[in-house]
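[1] what's the 3D shape of this:
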Amino acid sequence: MKTFQKPLTQGEEAEYIRLLREGTSEQAKQAKNILIERNMRLVAHIAKKYQNSDEDMEDLISIGCIGLIKAVDTFDDRKGRLATYACRCIDNELLMMLRGKKKTSREVSLFEPIGQDKEGNEIHLMDVIEQQQPDILENMELSGNIRRLFGLMEESLTPREKEILTMRYGLNGRREATQNETGTALGISRSYVSRIEKKALQKLRRKFEQD
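    The predicted structure is shown next:
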């Protein structure tokens with residue numbers, strides 16, 4: 001089992017942190033290495049918490065080291081001991097890694113089998129998605145029919161009929177309205193709205209079929 005160096009005393013830690021912040025480039029580099037090496041036991045201690053996560057212990061320690069390095073780089077000695085701060089950073093780094101892997105494990109490949117059809121053939125997610133994609137020709141035909149209906153509304157319906165259909169079906173960007181709401185807005189009864197709506201739709205259907 002790996003033997004870790006003794007932790008720094010509070011005085012030693014303060015001195016190395018001072019050199020890291022205020023020393024020469026070489027002094028700062030050496031101070032950083034010592035602060036990391038003398039706190040490695042923290043990484044091992046925290047990594048043991050996650051040894052039942054199906055992750056290799058060496059991988060856990062490697063990720064924990066990243067947290068320790070971040071702790072040394074960002075530590076503010078006015079807010080306590082480095083060890084306390086480093087424990088949080090190490091733990092956070094390990095949790096982020098484990099959560100990221102958990103999220104990835106839930107992602108489903110588009111080509112992964114998700115079942116079988118009636119003939120026993122495998123069905124993939126990609127097959128379902130492709131079936132759900134709208135056909136371009138169908139969309140073009142639908143758009144053409146919609147344009148025809150708007151044209152027929154202008155040609156065949158009275159202003160009152162057009163207004164009621166526009167309100168009832170939310171045309172021209174308007175919100176769909178119930179028959180009651182339409183009747184209230186136009187000052188007529190719901191039953192009268194229903195009759196006009198039915199008559200207008202019958203007109204449009206006859207014209208559409210004739211065309």
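[2] Pretty sure Q179 sits against K198.
    No: between Q179 and K198 there is no contact under CB atoms under 8 Å: 10.7 Å. All C-beta spots, glycine's among them, are computed from the backbone N, C-alpha and C.
[3] Who has more neighbours out of these two?
    Between Q179 and K198, counted using other CB atoms under 10 Å, the more crowded position is Q179 (18 against 10).
[4] The more buried one: what's it in contact with?
    168, 190, 193-194, 197 (CB atoms under 8 Å, 6 or more residues apart in numbering).
[5] From Q210, how far out is the residue lying closest to M153 once chain neighbours are set aside?
    In space, and not counting its chain neighbours, M153 is closest to K162: 5.5 Å by CB to CB, 6 or more residues apart in numbering. For K162, the distance to Q210 (CB to CB, to the nearest Å) stands at 19 Å.
[6] Find the residue closest to L60 in space, skipping its chain neighbours.
    A47 (4.0 Å).
[7] The one you found is in contact with G64, isn't it?
    Yes: using CB under 8 Å, A47 is in contact with G64, at 5.0 Å.
[8] mind listing the helices for this structure?
    10-22, 25-37, 40-47, 57-74, 82-106, 125-132, 136-156, 159-168, 179-186, 190-210 (DSSP state H).
[9] Any idea which of these gets closest to F4?
    Ranking those by proximity to F4 (CB to CB) places helix 40-47 first, at 4.0 Å.
[10] Next, the buried residues of the closest one.
    Buried positions in helix 40-47, judged by neighbour count with 16 or more other CB atoms under 10 Å: 40-44, 46-47.
[11] Looking at those residues, spot the one nearest G183.
    Of these, the one sitting nearest to G183 (CB to CB) turns out to be I46, at 69.5 Å.
[12] what's near enough to touch the closest one?
    Counted by CB under 8 Å, 6+ apart, I46 has contacts 64, 87, 90-91, 94.
[13] Q51: which of the residues you listed is nearest?
    L94 (11.0 Å).
[14] Show the model's pLDDT score for the closest one.
    The per-residue pLDDT reported for L94 equals 90.
[15] thinking again about what came up before, and the gap between the residue nearest to L60 and S194?
    72 Å.
[16] pLDDT-wise, which helix or strand of this structure ranks last?
    helix 125-132 (a mean of 48; mean pLDDT, DSSP states H and E).
[17] Show me what counts as buried in stretch 190-205.
    For stretch 190-205, using 16+ other CB under 10 Å, the buried residues are 192-193, 196-197, 200, 203-204.
[18] then it to PDB, C-alphas only?
    Taking C-alpha atoms only, stretch 190-205 is exported to PDB below (Å, rounded to 0.1, in the frame of the first residue of the first chain):
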ATOM      1  CA  ARG A 190     -73.700  30.200 -28.700                       C
ATOM      2  CA  SER A 191     -76.200  28.200 -30.700                       C
ATOM      3  CA  TYR A 192     -76.200  30.900 -33.400                       C
ATOM      4  CA  VAL A 193     -72.400  30.700 -33.600                       C
ATOM      5  CA  SER A 194     -72.700  26.900 -33.900                       C
ATOM      6  CA  ARG A 195     -75.200  27.200 -36.800                       C
ATOM      7  CA  ILE A 196     -73.100  29.800 -38.700                       C
ATOM      8  CA  GLU A 197     -69.900  27.800 -38.100                       C
ATOM      9  CA  LYS A 198     -71.500  24.600 -39.500                       C
ATOM     10  CA  LYS A 199     -72.900  26.400 -42.500                       C
ATOM     11  CA  ALA A 200     -69.500  28.000 -43.300                       C
ATOM     12  CA  LEU A 201     -67.700  24.700 -43.000                       C
ATOM     13  CA  GLN A 202     -70.200  23.000 -45.400                       C
ATOM     14  CA  LYS A 203     -69.600  25.800 -47.900                       C
ATOM     15  CA  LEU A 204     -65.900  25.400 -47.800                       C
ATOM     16  CA  ARG A 205     -66.100  21.700 -48.100                       C
END
